[in-house]
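Visitor: model this:
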Amino acid sequence: MLTRPELGVLKMFEAAEDKGLTLFAPNDEAFKAKGVPDLNKLSSAELVTLLQYHALPSYSPKASLKGTHHPIATMATSGAGKFDLTVGSHGDDVSLETGMGSSRIAETVLDDTPVCILTVDSILLPS
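Guide: Model prediction:
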């Protein structure tokens with residue numbers, strides 16, 4: 001999906017990588033959940049926004065996110081739209097609130113400064 005030429009998302013992520021990049025990767029079960037849009041039916045623009053909504057233009061490991069007490073801008077945030085996430089934490093659990101629901105950060109897949117990849121248990125859907 002990231003390699004569809006018209007999307008350019010992979011190039012966007014690669015360009016952000018040097019400054020810092022955090023990706024939220026939904027686990028396999030997240031794609032089977034009720035209410036998840038059929039990704040094949042999304043327009044290219046909608047798909048780009050959804051993919052960018054799963055990325056932060058900064059290096060933000062789970063421990064760093066846990067201490068965040070303000071909305072964080074995703075790569076989908078632009079002049080045309082505000083696509084922020086709010087972080088919630090309870091003990092060691094960290095969740096991301098979208099306005100449409102929340103998703104728990106399940107585990108760290110990669111934490112190698114300046115890139116962090118974290119799995120989440122549901123797809124982040126912007127409001």
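Visitor: make it CA atoms for all contacts and neighbour counts henceforth
Guide: OK.
Visitor: phi, psi for the closest residue to Leu39 other than its chain neighbours please.
Guide: The shortest distance from Leu39 to any non-neighbouring residue, by C-alpha to C-alpha, 6 or more residues apart in numbering, is to Leu47 (7.2 Å). With angles defined as degrees, to the nearest 10, Leu47 sits at phi -70, psi -40.
Visitor: mind checking pLDDT for Leu47?
Guide: Residue-level confidence at Leu47 comes out at 89, pLDDT.
Visitor: ok, how many other residues are close to it?
Guide: 18 (other C-alpha atoms under 10 Å).
Visitor: so how far is Lys11 from the closest residue to Leu50 other than its chain neighbours?
Guide: Once flanking residues are discounted, Leu50 sits nearest to Leu125: 7.1 Å by C-alpha to C-alpha, 6+ apart. Per C-alpha to C-alpha, to the nearest Å, Leu125 is found 22 Å from Lys11.
Visitor: between these two, tell me which one has more neighbours.
Guide: Neighbour count, other C-alpha under 10 Å: between Leu125 and Lys11, Leu125 has more, with 20 against 13.
Visitor: secondary structure element for the more buried one?
Guide: Per DSSP states H and E: Leu125 is located in neither a helix nor a strand.
Visitor: distance of the residue sitting furthest away from the middle of the chain from Thr22?
Guide: Centroid-distance maximum for the chain: Gly91 at 21.7 Å, with C-alpha atoms, centre = their mean. The gap separating Gly91 from Thr22 is 22 Å, by C-alpha to C-alpha.
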